[in-house]
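Chemist: 3D model of this:
(chains A, B and C)
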Amino acid sequence: MNASRPDLVPDASLERDDMEALQREIAAAAAFEDDLEFDPAVLGDPLAASSSADDPPIVAGVDQSFLTNDAGDQDRALSAVVAMQGGEVIERVHAVTPLEIPYIPGLLSFREGAPILDALEELSVDPDLCLFDGSGRIHFRQAGIATHMGVVLDVPSIGVAKSLLCGSPREDVENLPEGRRVGIEANSRVDVADGTLLGYAVQTRQYDSPNRYINPLYVSPGHRVGPETAADVALALSTSYKLPEPVRLADSYADEAKRGLGE
DNA sequence: GCGACAG
DNA sequence: ATCTTGTCGC
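Modeler: Residues are numbered from 1 along each chain as shown, chains lettered A, B, ... in the order given. Next up is the predicted model:
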């Protein structure tokens, strides 16, 4: 798949102010509501899937691992994509791309965006939905990596983060029961009216009982997906583990492919 | 100045 | 993100 908006591709050589300006543009171009070409209910309901006349939707998970040079610096990213359809992996691709800038909170897409786009170019199928490791709308300028990639590619996208970048949970998110979600709303650190719903803390898995618990995922709309659907999808795809299956598999594939380069 | 900060 | 064995608990 290729960029629909090459003009919005993240450019790591920009000044910080220009990066932030581009993010405001991304946010303005983003749709934080459902605009999918399939019924997201089929992702969790095999009955709905089998009764549908269409092929099941293709969902891609994307994640990165990093390669170090002789000096010990992270100089390249290995971006991995796992495409799934009806619960089966149908394609895996990856690309190794030089890194231009370090990790800066709020500017992640300028570090990892190019590697991700390189990997997605290798994909022969075209996904109906992409899941990224990181935030979507839960971002200072409402333009996390899932939103940036979604807008550039014009593909429905969702951000799946393991920790919260900004915003405020509407309730305590400690030790939530499996299946529960708690809204994350904008606060003064976010470029939108206070109280705006940015996404959800989603408890995809939880221990049955005792003295330890799993932290929730922070799920937010990237592009063309609303917050409710984003949370529904995360729950539907997190069948065996905390992470949605396409993301979990991309995560391990990123490590597997990296190891395949070494030894 | 202080605190917060995806991967 | 990454460096990494054993270990606690069901």
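
Chemist: ranges for the helices of the stretch 1-150 of chain A?
Modeler: Secondary structure of the stretch 1-150 of chain A, counting by DSSP state H, counting those that start in this stretch: helices at A:16-29, A:46-51, A:108-121, A:145-153.

Chemist: out of the ones you listed, which one sits most buried?
Modeler: The highest mean neighbour count among the helices of the stretch 1-150 of chain A, using mean count of other Cβ atoms under 10 Å, belongs to helix A:145-153: a mean of 29. For every residue, glycine as well, the C-beta is placed using N, CA and C.

Chemist: how far is the very next helix or strand once past it from where the chain is centred?
Modeler: Following helix A:145-153 in sequence order, the next helix or strand is strand A:157-161 (DSSP states H and E). On the basis of Cα atoms, centre = their mean, to the nearest Å, strand A:157-161 sits 3 Å off its chain's mean C-alpha point.

Chemist: which SSE is immediately downstream of strand A:157-161?
Modeler: strand A:168-169.

Chemist: which neighbours does that next one have in its sheet, and in what orientation?
Modeler: In the sheet, strand A:168-169 lines up against strand A:181-185 (antiparallel) (DSSP bridges).

Chemist: returning to that earlier point: reformat the helices of the stretch 1-150 of chain A as a markdown table; add distance to DNA strand C and mean pLDDT.
Modeler: Listed next are those as a markdown table, based on distance: least, Cβ to the nearest atom of the strand, whole Å; pLDDT from 0 to 100:
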| stretch | distance to DNA strand C | mean pLDDT |
| --- | --- | --- |
| helix A:16-29 | 20 | 98 |
| helix A:46-51 | 28 | 74 |
| helix A:108-121 | 9 | 98 |
| helix A:145-153 | 12 | 98 |
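
Chemist: could those be laid out in CSV, adding distance to A:F66?
Modeler: Formatted as CSV, these follow (distance: least, Cβ to Cβ, whole Å):
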stretch, distance to A:F66
helix A:16-29, 21
helix A:46-51, 36
helix A:108-121, 10
helix A:145-153, 15
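
Chemist: which stretch among the ones you listed comes nearest DNA strand B?
Modeler: helix A:108-121 (3.4 Å; Cβ to the nearest atom of the strand).

Chemist: so which elements touch the closest one?
Modeler: strand A:58-68, strand A:74-85, strand A:88-98, helix A:145-153 (3 or more Cβ pairs under 8 Å, 6 or more residues apart in numbering; DSSP states H and E).

Chemist: centre of the chain to the last one, how far?
Modeler: What that stands for is helix A:145-153. On Cα atoms, centre = their mean, the centre of helix A:145-153 falls 9 Å from that of its chain.

Chemist: check whether it contacts DNA strand B.
Modeler: Yes - residues of helix A:145-153 contacting DNA strand B under Cβ under 7 Å from any atom of the strand: A:145-146.

Chemist: for chain A, give me the ranges with low pLDDT.
Modeler: For chain A, the stretches flagged by pLDDT under 70 are A:210, A:263.

Chemist: which bits of it sit near DNA strand C?
Modeler: Counting by Cβ under 7 Å from any atom of the strand, the residues of chain A near DNA strand C are A:64-66, A:133, A:162, A:208-212, A:254-255, A:258.
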